[in-house]
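> here is my input; please provide its structure:
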Amino acid sequence: MITKAAKAQARILIVDDDQNIINALKECFDDFNYRLDTVVSGKQALEKITADKYDLVMLDINLPDLSGMDVLKKIKEQKSDLPVLVMTGYVSTEAAIKAMKLGAHEFVTKPFNIDRLMGIVNRLVKKTPPIRGLSTFSVEPKPVEGSIIGRTPEMVEIAKVIGQVAATDASVLILGESGTGKELVARSIYANSLRADKPFLSVNCAALPEALLESELFGHEKGSFTGAYSRKLGKFEQCNAGTIFLDEIADMSLMTQSKVLRVLQEQEFERVGGSTTIKVDVRIITATNKSLVNMIKENTFRVDLYYRLKVVSIYLPPLRERRDDIPLLVDNFMQTYAKQSGKESLSISKEALSGLMHCIWPGNVRELENNVHSAVVMSKDDILLPEHFPILAGETDKVELDLSQIEDDYCKMFSEIIDKNFNKIVSISSDHIYHHLNSALEKALISGALKYTSSNQVKASELLGISRNTLRDRIAKYGLY
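The predicted structure follows:
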């Protein structure tokens with residue numbers, strides 16, 4: 001709680017060329033007795049900061065003379081410990097990343113939520129020590145293939161975290177459903193990091209059997225196993241001084257987990273079949289669409305590795321929780337694929353966009369992108385209509401209803417079986433019915449999935465939505481060899 005006296009002593013410089021914004025901010029601050037100075041250009045702001053002492057600078061990105069980002073950079077060069085709150089009327093995740101990377105303490109969007117804004121200001125005038133210095137960010141980021149698109153508050157917050165964590169070597173765990181863009185976030189962290197001029201390698205831990213995954217990560221010596229005709233350098237070794245992205249980390253075996261833990265702790269390992277200890281300097285970013293907490297409870301994921309991986313965690317919301325970003329995403333994908341297809345002037349009908357806005361999108365952004373790509377290819381005119389989108393080929397409401405009633409349909413199917421046989425079930429097992437039925441259903445499900453996939457455990461685990469470790473455990477438990 002800031003006292004009245006403390007408030008009266010705090011000096012704030014507002015840098016914005018919009019007089020309406022300045023007047024609104026002055027009105028907001030009336031009850032706090034802050035001492036306010038206002039300027040309308042970047043040059044005036046830098047002169048003020050050089051001549052006077054301030055507790056906070058509120059800086060607009062769009063100024064008439066200098067870029068707000070350039071002003072922020074110069075402020076941090078002069079007074080690295082001066083808190084800067086960046087303001088913008090145009091919401092951009094890339095702007096949020098860059099602002100936080102350059103040393104901004106906060107990034108807010110117009111129109112302001114007054115209560116939230118005043119909470120931020122009150123916190124910043126306490127002179128919270130900066131998390132990092134400008135000198136840490138001397139490397140210009142590489143262009144990122146694709147960009148994080150979104151204006152919803154959730155996506156702006158993610159962008160701010162990326163900007164804060166990028167220049168550190170902290171391990172980052174990215175959580176979210178399949179198709180939400182976890183690798184894109186990993187690449188954005190890398191592109192804005194000090195390692196941006198070093199290698200970036202991505203490994204999908206669910207795509208390789210355990211033995212091959214170990215070799216892929218750590219390499220192997222000649223003759224270490226059948227088919228090892230020569231020495232192979234693993235991804236960790238290839239990625240020395242760079243960044244490695246381990247996707248679907250939940251599908252890694254306990255043995256491989258222990259080796260990754262050693263790399264995190266000691267930055268060293270041995271190749272498969274080798275005895276020479278190899279030292280590396282690698283930043284590790286991981287991602288999963290599964291609950292590692294639940295896996296820890298099932299003893300299929302190491303708790304010590306979990307805490308090493310999630311020094312910083314980022315949760316990517318599913319597309320259905322950020323529907324306001326759908327028009328932006330559609331426009332981006334439409335322009336990308338229109339250019340590839342030689343269709344320069346494409347637009348989308350209101351009916352089609354409305355339909356896309358009301359879909360559930362179980363495949364998230366990836367599914368949306370595929371639908372837009374298909375629509376661009378199939379359209380013969382300059383406008384995308386509902387019939388061009390696979391997901392809208394039928395009624396959108398029907399698609400959504402079918403998906404939402406899947407659990408009810410399963411319940412009806414099982415109820416018919418149980419109702420007909422419940423007396424028999426009770427007579428056979430008068431106690432622990434819940435346990436016995438659940439075990440029987442799990443065994444039947446796993447058995448069915450193995451038959452359906454011709455005993456391919458990778459495909460079976462994906463089909464069931466469980467990790468390979470969990471699947472192997474259940475196969476052993478039920479004797480389904």
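> alpha carbons of the helix or strand harbouring L85, as CSV, please.
Element membership of L85, judged by DSSP states H and E, is strand 84-88. This file holds the C-alpha atoms of strand 84-88, laid out as CSV (Å, rounded to 0.1, in the frame of the first residue of the first chain):
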residue,chain,number,x,y,z
VAL,A,84,9.4,2.3,-18.2
LEU,A,85,5.8,1.4,-19.0
VAL,A,86,5.2,1.1,-22.7
MET,A,87,1.8,2.1,-24.1
THR,A,88,0.3,1.3,-27.5
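> that one pairs with which strands, parallel or anti?
strand 56-60 (parallel), strand 106-109 (parallel) (DSSP bridges).
> which among those strands is found nearest to S374?
strand 106-109 (33.4 Å; C-beta to C-beta). Yep, even glycine has a C-beta here, placed from its N, CA and C like the rest.
> which SSE is immediately downstream of that closest one?
Following strand 106-109 in sequence order, the next helix or strand is helix 114-124 (DSSP H and E).
> please point out which parts of that following helix sit buried.
L117, I120, V121, N122, L124 (16 or more other C-beta atoms under 10 Å).
> need those in JSON lines (columns: pLDDT and distance to L264).
As requested, the buried residues of helix 114-124 are arranged in JSON lines below (pLDDT from 0 to 100; distance: C-beta to C-beta, whole Å):
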{"residue": "L117", "pLDDT": "85", "distance to L264": "39"}
{"residue": "I120", "pLDDT": "87", "distance to L264": "34"}
{"residue": "V121", "pLDDT": "89", "distance to L264": "38"}
{"residue": "N122", "pLDDT": "86", "distance to L264": "38"}
{"residue": "L124", "pLDDT": "88", "distance to L264": "34"}
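> just these now: which is nearest I97?
For these, the nearest to I97 is I120 (18.4 Å; C-beta to C-beta).
> quick revisit: next, the angle from the strand holding L85 to helix 114-124.
Taking axes from the mean of the first three to the mean of the last three C-alpha atoms, to 10 degrees, one finds that strand 84-88 is oriented at 160 degrees with respect to helix 114-124.
> contacts for strand 84-88 next, please.
By C-beta atoms under 8 Å, 6 or more residues apart in numbering, the list of residues contacting strand 84-88 from outside reads 16, 21, 56-62, 68, 72, 75-76, 95, 99, 103-110, 120-121, 124.
> what's the following helix or strand after it?
Criterion used, DSSP H and E; the element after strand 84-88 is helix 93-101.
> who are the packing partners of that next one?
helix 68-78, strand 106-109, helix 153-165 (3 or more C-beta pairs under 8 Å, 6 or more residues apart in numbering; DSSP states H and E).
> mind redoing it with 10 Å?
helix 68-78, strand 84-88, strand 106-109, helix 153-165, helix 182-191 (3 or more C-beta pairs under 10 Å, 6 or more residues apart in numbering; DSSP states H and E).
> domain map for this structure?
The record's domain parsing of the chain by automatic domain parsing lists 4-137, 160-315, 319-403, 418-478.
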